[in-house]
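Peer 1: Requesting a structural model of the entry that follows:
(one chain, ligands or ions: 1)
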Amino acid sequence: MPTLTFLGAAGSVTGSKHLVEAAGKRLLVDCGLFQGGHELKQRNWDPLPVEPASIDWVILTHAHIDHTGYLPRLVSDGFRGPILANPATFELCQLLLRDSAHLQEEDALYAAKKSYSRHKPPLPLYTVEEAEEALGRFQEIPRSGPYRISPEFAVNLYDAGHILGSSIVELTITEDGKSTVVVFTGDLGRYNQVILKDPQPVARADYLVTESTYGDRDHPADPGYDQLAGAVRRAVARGGVIIIPAFAVDRSQTLLYVLRQLEDQNRIPCLPTYLDSPMAISVTDLYEKHREDHQLVFRAAEEKGIDPLNCHDVHMTRSVPESKQINNIRTPCIILSASGMVSGGRVVHHLIRRLPDPHNLVMLVGYQAEGTPGRALLDGARFLRLHGEEVAVRAEIVDLPQFSAHADRTEIERWLGNFQAPPRQVYLVHGEPEGAAALEKTLRAKFGWPVEIAQYRQTVNLG
Ligand SMILES: [Zn+2]
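Peer 2: Here you go, the predicted structure:
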């Protein structure tokens, strides 16, 4: 009988790894890094419960590090099969995995210098060279539609509307002449977004593995532009600097698009805007290249020759000296920098410098996982520990969850409403305990479906 084992994103939102076993073959759906608090991060250092060499294929729902960032480690620990991904996901992974390896190496060096690491000497989880080896194992698959992996496994791929290249994977498992369909939502996007299309409907599944990040709440109904514009004007009036920690993929592009719109509508002044993330700059180029995921209004703007992803006074700062120069700016400006949860990257340096000043503004525009500095800011922390330093939080903090790339409770329900028959079993993954528990209750009450919250390292039969 085929089985499914949850090796990550069970009881948490990171580390997505779902292992499907059938007819003696093993397929891993996503291979993400655990991010967040120490206990979660420690799991990245534990040996995988299955031998990496025994896994035959990996298939990716999308490029985000919490779905792909363990790949270099998987390969260096012995995985020798192909990593299946569509062209946009592959291109994004080339940026993200190299960057992730860089950050691992940099953080290890920095920790050695400041000697705050628990590992002595501090080691990176993987190196750039190991990331390159993992990239060498990628094999491109179509953006959408059917694709046969092997006699046991075939997939049908749908647009998830979450980031460029994001897919919902419908997997058909064939064992002993019997077929079983398992649908993995990956991360579900929102409806009516500015750049990406709506998540595509799926009509049936024997088993459904769905994300539950925002299972316990709805995003505010208005798109948040008034709140964003108001906060920017407030910061400008007091002469402050605006820092937006943003994921390099999708959040940075969406923010650039919205800031440009607000400038064009005279709702905010045209401020110098620094996209201070080499990766976000490269990803922005990919967003312009891969038009297959763009929705019509966005494409219309592009066709008129408008560059919708550029503010009027935008500065793309790739080099470290350019980034450091931003520290000298004392007049209002916007700094968009990764990572989105302040768990690493250049934004940490900007926040160390700018958080103690009450004139400044920090806007949080995405999910802040438990244990991250971003979550601490959201929860009103008066001090943050960043790079081993105690940093006072006096800047204004504004939360704009509308800019999340994840469907909220109502949107998850809307997408599930497309199913024409109830799945035999629904497993909730990619949610913190509150989000998953709330969605479990809602799905039972509203759809009457059998729902279970997946547990870390749990194996279930797909019979
Ligand atoms: Zn994602």
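
Peer 1: In the stretch 351-463 of the chain, where is pLDDT below threshold?
Peer 2: Flagging of the stretch 351-463 of the chain using pLDDT under 70 yields an empty set of residue ranges.

Peer 1: In it, what residue lies closest to the ion?
Peer 2: Nearest residue of the stretch 351-463 of the chain to the ion, counting by C-beta to the ion: Ala405, 6.5 Å away. Backbone N, C-alpha and C define where each C-beta goes, glycine included.

Peer 1: Quick check: that residue touching Ser252?
Peer 2: No - Ala405 is not in contact with Ser252 according to C-beta atoms under 8 Å; the separation is 11.1 Å.

Peer 1: Would you map the helices across this protein?
Peer 2: Taking DSSP state H as the test, the helices found in the chain are 38-43, 65-68, 71-76, 87-114, 128-135, 225-237, 251-264, 278-289, 296-303, 320-325, 346-354, 373-378, 409-416, 433-447.

Peer 1: Quick one: list the elements packing against the last one.
Peer 2: Read that as helix 433-447. Counting contacts by 3 or more C-beta pairs under 8 Å, 6 or more residues apart in numbering; DSSP states H and E, helix 433-447 packs against helix 409-416, strand 425-429, strand 451-453.

Peer 1: Flag every buried residue along it.
Peer 2: Using 16 or more other C-beta atoms under 10 Å as the burial criterion, the residues of helix 433-447 that qualify are Gly435, Ala436, Ala437, Ala438, Leu439, Glu440, Thr442, Leu443, Phe447.

Peer 1: And the pLDDT for the nearest residue to the fourth one once chain neighbours are set aside?
Peer 2: In this case it means Ala438. With sequence-adjacent residues excluded and distances taken as C-beta to C-beta, 6 or more residues apart in numbering, Ala438 is closest to Asp216, at 3.5 Å. Asp216 is assigned 89 on the pLDDT scale.

Peer 1: Would you map out the domains in the chain?
Peer 2: Each domain of the chain is listed here as a residue range: 3-217+405-461, 225-403, per automatic domain parsing.

Peer 1: picking up where we left off before, same list (the buried residues of helix 433-447) but as JSON lines, adding distance to the ion.
Peer 2: Shown next, in JSON lines, are these (distance: C-beta to the ion, whole Å):
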{"residue": "Gly435", "distance to the ion": "15"}
{"residue": "Ala436", "distance to the ion": "16"}
{"residue": "Ala437", "distance to the ion": "21"}
{"residue": "Ala438", "distance to the ion": "20"}
{"residue": "Leu439", "distance to the ion": "17"}
{"residue": "Glu440", "distance to the ion": "21"}
{"residue": "Thr442", "distance to the ion": "22"}
{"residue": "Leu443", "distance to the ion": "21"}
{"residue": "Phe447", "distance to the ion": "24"}
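
Peer 1: With distance to Val393 as extra columns, can I get the residues you listed in a markdown table?
Peer 2: Below are the buried residues of helix 433-447 laid out as a markdown table (distance: C-beta to C-beta, whole Å):
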| residue | distance to Val393 |
| --- | --- |
| Gly435 | 26 |
| Ala436 | 30 |
| Ala437 | 30 |
| Ala438 | 29 |
| Leu439 | 32 |
| Glu440 | 35 |
| Thr442 | 35 |
| Leu443 | 38 |
| Phe447 | 42 |
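
Peer 1: Pick out whichever of those residues sits closest to Gly8.
Peer 2: Ala436 (14.1 Å; C-beta to C-beta).

Peer 1: what sits against the residue nearest the centre of the chain?
Peer 2: When the chain is reduced to its mean C-alpha position, the nearest residue by C-alpha atoms, centre = their mean turns out to be His64, at 4.4 Å. If you count contacts by C-beta atoms under 8 Å, 6 or more residues apart in numbering, His64 has them with Gly32, Leu96, Ile163, Asp187, Phe247, Val249.

Peer 1: Which other helices and strands does the longest strand anywhere in the chain contact?
Peer 2: Taking DSSP state E as the assignment, the strand of the chain that covers the most residues is strand 167-175. The contact analysis (3+ C-beta pairs under 8 Å, 6+ apart) places strand 167-175 against strand 17-22, strand 25-29, strand 153-159, strand 178-184.

Peer 1: do that again at 10 Å, thanks
Peer 2: Contact partners of strand 167-175 among helices and strands, from 3 or more C-beta pairs under 10 Å, 6 or more residues apart in numbering; DSSP states H and E: strand 3-8, strand 17-22, strand 25-29, strand 57-59, strand 145-148, strand 153-159, strand 178-184, strand 207-211.
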